[in-house]
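In: Next one to model:
(chains A, B and C)
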Amino acid sequence: MKLPLFPESASTFAPDVDHLLFYLVGVSVFFTVLIFVSIVYFAVRYRRRSDNELPKPIHASLALEIAWSVIPFGLTIVMFGWGANIFFRESRPPKNAMQVYVVAKQWMWKLQHMEGQREINELHIPVGRPVKLVMTSEDAIHSFFVPAFRTKQDVVPGRYSTTWFTATKPGKYHLFCAEYCGTKHSGMTGWIYAMEPQDYQAWLSGGRAFGSLAENGEKLFQDLACGNCHKADGSGRCPSLVGLFGRSVQLADGRFVSADEAYLRESILRPDAKIVAGYQPLMPTFQGQVSEEGVLELIEYIKSLAPPAAVAGTTPAEINVNPDRVTSSPSNP
Amino acid sequence: MSEHVHAPVETLALREQFNTAEQQKESVTFGMWIFLITEVMFFGGLFLAYTVYRSTYPVVFGVASTSLNAVIGALNTAVLLCSSFTMVLAVRSAQLGRRRALVLFLILTLLLGMAFLGVKAYEWNEKFVEHHVPGAGFHFEGAAEQGPAQLFFSLYFAMTGLHALHMVVGAGILCWLLYHAVRGRFTAEYMTPVDVAGLYWHFVDIIWIFLFPLLYLIDRHMR
Amino acid sequence: MTTAAIETQANYLNAGYGLKSWLLTKDHKRIAILYLILVTIFFSIGGIFAALIRVELLTPQGDLVSSETYNKLFTMHGIAMIFFFLIPAIPATLGNFVLPMMIGARDLAFPRINLLSWYLLVVGGGFALFAMLAGGVDTGWTFYTPYSTTYSNTWVIATALGIFVSGFSSILTGLNFIVTIHRMRAPGMTWFRMPLFVWAHYATSVIQVLGTPVVAVTIVLVFCERVFHIGIFDPALGGDPVLFQHMFWFYSHPAVYIMVLPAMGVVSEIISTFSRKPIFGYHFVAYSSMAIAVLGFLVWGHHLFVSTQSVYAGLVFSFLSYFVAVPSAVKVFNWTATLYKGSISFATPMLYAFGFIGLFTIGGLTGLFVASLGFDVHVTDTYFVVAHFHYVMVGGTIMAFLGGLHFWWPKITGRMYPENWAKLSAAIIFVGFNLTFFPQFILGYLGMPRRYHVYPEEFQVLHVLSTAGASILAFGYLFPMIYFMWSLWYGERAPANPWGATGLEWTVPSPPPIHNFDEVPVVTHEAYDYSTVVKEGVEVV
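Out: Reported below is the predicted structural model:
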């Protein structure tokens, strides 16, 4: 019978969280023992010996009150800083991270690699390379939790959430859904397979039954006839999508938004939410016509449309093609 | 307790937990203020949801707001302000011990409150006719984005609906006051119920003063 | 006064015997007993659900009940325990009974509203009970959208209605206490002569009045979304499901303090009485209650660290959470310091108070763990959190509730409970509690998610330990139920002040007369001045 008392440590974050745990436990044990020992000692030492005892009242000591407010507070601020530091790094995926898309639904995990591999309730990743997950849900809220990596992130319908980790040790690790999502919540589990890079390459080239995400996205782009309006040279009724990803886009109301995954998703599903400056709100919604996976494939295709060299020099002003075509500007009277 | 022996038997007298009439009056008034604080927090949740969604969908909220009839809304605001005025006069009449004036002003307040609810019912009916009621049959022609437009009308109905519910409760309280006022149970010395009912009525009025611009007027300046 | 005189004296218990004399009573003492019966029923219901959960978790396969049933069990356990036991437990029973007496009042400011509060809890509890019997509800007590609004096929509407109605019970109790404390204090009872129990209830009432309406309106919106499909939180319409979590926790985090602040008040009374010393740092303990009430409203976002809330919001909420730790720590240190050079008696209430301090210390310190961002990412929604809040709510609130019940039982019933049985069950509860919940800290750090019906088998040993502890705990809770009932008929008659305590409630006979005081008391001493009750005292060196 197995009785583990400490979880496996298999990501770059795991030792950081464990060290924080040791500090937290250290502080807690100190104070718990201090309180327990004081209570037991006082209770025994000053036990009532006769019924009409009247101890002398001791009212307060400002110095003591300040001491036992300030010293513990100082110790907790260390907890705050330490935890915040880890959290901050967890929320900043490195640029070179390999990306995997995750779509959660009751009660399974659907994962897609850029190269086209699709997995259900399993994720194969190479050791030593940062992996960034871009996740959304088709129904209730779920949460992607890998105890051995000490990472967890809610997966919320209607938006993308991201998390990342770098596995450090090959092995098979639990994947849990941590946010209660209905009847088979406890069945929404899976495995993370962390592999040596060469094994991962072998796995990757093993079964390529589907095209890469971008290839599928291109096919979908053509099936939906998106290119009729989004012409590559910018001559269409809608903005060109070439080199769009990652740029800053000016909207009709004057704001600038960054063209990230969330923006592209919103523009496909709710095109009127953010109108690019200089264009009419002509695009119909694709809500209900494209699945969450389809949206991800389209996004990946749009990402692949980056022009070979010109990206670096683009500024937001260049995208604001023709201010005369602005039709409605609600923020300006 | 000799201080209330001389009071008429049918007066809503000093309750046994209080030592003096003054303590009772203070307690009841203070209790009503605390209750109004809970009401502020109650409506506060709705105002929070409104703030979040309006900042997320400023354009759609503007367009949807413009579809409401601001003239009727303004008229209703005037009706409600008048009812607050007559309520103040009712409280004043009670303080001065003028029974007939108290009854008159209570009736006027009640009528104005009913007028407000009537106009509100007319407005809601319009929404049904126009398919602006959230749910399966919802359709808002002014914006391509039906979702956020529906959010606006959901908030419209939730906020005006809860406000109207408070008006109905207020009308009930007015009827109760009227019943006792007609029987002469309020005197210049004992009129706390009129006083605290007035506080409640003004509070419901103030909620509307916030609802009216937030729901009806946010995008008028453009046109 | 002779024994015979006490027996024949008119008191609130022998003032009337019919059912009507109870169900239409406006006496705060009788209403307190009505509450005591009601919350005991809900504690038993919640306890049965807990027992079924623990038995199910003995094996990893999920073979006792189906997943649907299991999900309903933990949901209904949470709802029964939180909304219908923990929140009303101390304020509405012990608070209702002793608070007016402590400040020298004949009753609460609004006795009829007090009775209305009880009926609201009955009606709300009735809705919840109906939902449970009709088939149950499976959303978790947190009702997270969009699961609760769109995907659950269970009795969400009836349960939501029940919680909404019982919320008004809580609001009205808080309102009643605030007005009573402001306006009904006896001559000489200044703010800083009030027992700390009253201060704690004042702080609690502030939270009830400010927080509960927000969850009420949130529940109204969930209700409307299910019934009318208006979709305030529906992502398909562009609504934000995380907004629900903000609105829910804006109440439900302070609600934790609704549960634990009154417990702290009870502990202050007990520690002082059984060490015969004023609470060390009285002012600091009083202010710390108010500080907890205020700061408690600024930290709700620490439940949302992984919810897609912004990173910066997470930083702010984490930072603010550590401020709440200070007033809680101040209380624990002051209680401990009170024992120094006291005259410590080991009566049953004192044992519970010691238990409270120990368990609350662990519960509070593990609160520091989960307030730390990087740590919480790993343990949130795991058994670590489950263990943490059970240490605070079961180890804290229930220990204090039982301690307070033993402390005031002679006053409430006029009978003493059997001391040895009481001490035994206090010890059993302490051991059982730790065995139940300490393994869950380890489970949580290992990664066992909460609300799991089926779990990987490497977690089984710790689950078996936890279930073993829970069976001991269940026995511990059964004992007081039995001997308290027994004492009503066979217990020794209680004198007015069996403990040598100082509160005004101990200056009147046990059980107290109908209007508490024959004449309005005049207060001339500070709180906890034991020279007024210990005659010819022997100075302790």
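In: give me every residue that touches residue C:168.
Out: Applying CB atoms under 8 Å, 6 or more residues apart in numbering or on different chains, we find residue C:168 in contact with C:117, C:120, C:212, C:216. C-betas here are computed from N, CA, C, even on glycine.
In: now swap in residue A:138 and tell me
Out: A:103, A:104, A:105, A:157, A:291, A:292.
In: one more time with 7 Å, if that's ok
Out: Taking CB atoms under 7 Å, 6 or more residues apart in numbering or on different chains, we find residue A:138 in contact with A:103, A:105, A:157, A:292.
In: returning to what we had before: out of the contacts of residue C:168, which one sits closest to chain B?
Out: residue C:216 (6.1 Å; CB to the nearest CB).
In: Am I right that the closest one is in contact with residue C:167?
Out: Yes. Shown here, residue C:216 and residue C:167 form a contact pair, counting by CB atoms under 7 Å, at 4.6 Å.
In: higher neighbour count, the two?
Out: residue C:167 (26 against 22; other CB atoms under 10 Å in any protein chain shown).
In: Surely that one is in a helix?
Out: Yes. Applying DSSP: H, G, I helix; E, B strand; the rest coil, one finds residue C:167 inside a helix.
In: Which residues are in contact with it?
Out: Contacts of residue C:167 (CB under 7 Å, 6+ apart): C:212, C:215, C:216.
In: change it to 8 Å
Out: Residue C:167 neighbours (CB under 8 Å, 6+ apart): C:124, C:212, C:213, C:215, C:216, C:219.
In: Dump those to TSV, plus pLDDT and distance to chain A.
Out: Output for these, formatted as TSV (pLDDT from 0 to 100; distance: CB to the nearest CB, whole Å):
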residue	pLDDT	distance to chain A
C:124	96	23
C:212	95	24
C:213	96	25
C:215	95	19
C:216	95	23
C:219	94	18
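In: Show me these that map onto helices.
Out: Of the positions in these, C:124, C:212, C:213, C:215, C:216, C:219 sit in helices, assigned by DSSP state H.
In: residues making contact with stretch C:431-443?
Out: With CB under 8 Å, 6+ apart as the criterion, stretch C:431-443 contacts A:5, C:54, C:359, C:366, C:382-384, C:386-388, C:390-391, C:394-395, C:459, C:462-463, C:465-476.
In: Quick one: mean pLDDT over that stretch.
Out: Averaging pLDDT along stretch C:431-443 gives 96.
In: Report the buried residues of it.
Out: C:432, C:433, C:434, C:435, C:436, C:437, C:438, C:439, C:440, C:441, C:442, C:443 (16 or more other CB atoms under 10 Å in any protein chain shown).
In: Tell me which entries of these lie within helices.
Out: Filtering the buried residues of stretch C:431-443 for helices - DSSP H - leaves C:432, C:433, C:434, C:435, C:436, C:437, C:438, C:439, C:440, C:441, C:442, C:443.
In: Out of the contacts of stretch C:431-443, which end up buried?
Out: Applying 16+ other CB under 10 Å to the contacts of stretch C:431-443 flags C:54, C:359, C:366, C:382-384, C:386-388, C:390-391, C:394-395, C:459, C:462-463, C:465-470, C:472-474, C:476 as buried.
In: that older thread, tell me the two of the contacts of residue A:138 that are most distant?
Out: A:103 and A:157 (10.4 Å; CB to CB).
In: Between these two, which contacts overlap?
Out: By CB under 8 Å, 6+ apart, the residues touching both residue A:103 and residue A:157 are A:136, A:137, A:138.
In: picking that back up, for the ones in helices among the contacts of residue C:167, which one is nearest residue C:311?
Out: Among the ones in helices among the contacts of residue C:167, and counting by CB to CB, the member closest to residue C:311 is residue C:215, at 26.6 Å.
In: State the number of residues packed around the closest one.
Out: By other CB under 10 Å, neighbour count at residue C:215 equals 26.
In: Provide a list of residues in contact with the closest residue to it other than its chain neighbours.
Out: Nearest residue to residue C:215 in three dimensions, chain neighbours excluded: residue C:251, at 3.5 Å (CB to CB, 6 or more residues apart in numbering or on different chains). If you count contacts by CB under 8 Å, 6+ apart, residue C:251 has them with C:211, C:212, C:214, C:215, C:218.
In: among the residues you listed, which ones are buried?
Out: Buried among the contacts of residue C:251 (16+ other CB under 10 Å): C:211, C:212, C:214, C:215, C:218.
In: Specify which member of these is nearest to chain B.
Out: Looking across these and measuring by CB to the nearest CB, the closest to chain B is residue C:214, at 4.9 Å.
In: According to the record, where do the domains of chain A fall?
Out: Annotated domains of chain A cover A:13-43+A:61-90, A:98-206, A:213-325 [automatic domain parsing].
In: can you map out the helices along chain A?
Out: Using DSSP H, helices in chain A cover A:13-45, A:62-90, A:197-206, A:213-223, A:261-269, A:292-304, A:316-319.
In: so can I have a markdown table of the shared contacts of residue A:103 and residue A:157 showing distance to residue C:492 and pLDDT?
Out: Listed next are the shared contacts of residue A:103 and residue A:157 as a markdown table, based on distance: CB to CB, whole Å; pLDDT from 0 to 100:
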| residue | distance to residue C:492 | pLDDT |
| --- | --- | --- |
| A:136 | 67 | 94 |
| A:137 | 62 | 94 |
| A:138 | 66 | 92 |
